[in-house]
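Chemist: no sequence on this one, just coordinates:
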């Protein structure tokens, strides 16, 4: 299973978002810190979750980072996160 699929599965199971879009931006970061030739190091998340939105932007982002801690420890370098209701 790819990292993108694992991220999707983790977030869907934990948050049941109304909408979840995950973009692999790794190619745009070629040669930058954390980049790996195999990719799947830099992602943009767009997530519609009433639960996350209600907690506020910073708390919502912290929750996502907590859920993805294992991925971050295993090569996921960067996330850009947009949370909507």
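Modeler: Everything's here; your move. Remember, predicted model here, so these are calculated numbers, not experimental data.
Chemist: and residue 50, how many neighbours does it have?
Modeler: Close neighbours of residue 50, defined as other Cβ atoms under 10 Å, add up to 13. From N, CA and C alone the C-beta is placed, and that goes for glycine too.
Chemist: brain fart, residue 55
Modeler: Residue 55: 15 surrounding residues under other Cβ under 10 Å.
Chemist: Repeat that for residue 58.
Modeler: So residue 58, with other Cβ under 10 Å, has 8 neighbours.
Chemist: would you say it is within a helix?
Modeler: Yes: counting by DSSP: H, G, I helix; E, B strand; the rest coil, residue 58 is part of a helix.
Chemist: Quick check: the gap between it and residue 13.
Modeler: Noted for residue 58: a distance of 23 Å to residue 13, by Cβ to Cβ, to the nearest Å.
Chemist: ok now do residue 59, which residues does it touch?
Modeler: Residues in contact with residue 59, defined by Cβ atoms under 8 Å, 6 or more residues apart in numbering, are residue 52.
Chemist: Residue 43 now?
Modeler: Going by Cβ under 8 Å, 6+ apart, residue 43 touches 4, 7, 22-26, 76, 78-80.
Chemist: Mind pulling up the pLDDT for it?
Modeler: According to the prediction, residue 43 has pLDDT 95.
Chemist: give me phi/psi at it?
Modeler: Per-residue torsions, residue 43: phi -130, psi 150 (degrees, to the nearest 10).
Chemist: Relative to residue 25, how far out is it?
Modeler: From residue 43 across to residue 25, the span is 6 Å (Cβ to Cβ).
Chemist: okay, and the common contacts of those two?
Modeler: Counting by Cβ under 8 Å, 6+ apart, the residues touching both residue 43 and residue 25 are residue 80.
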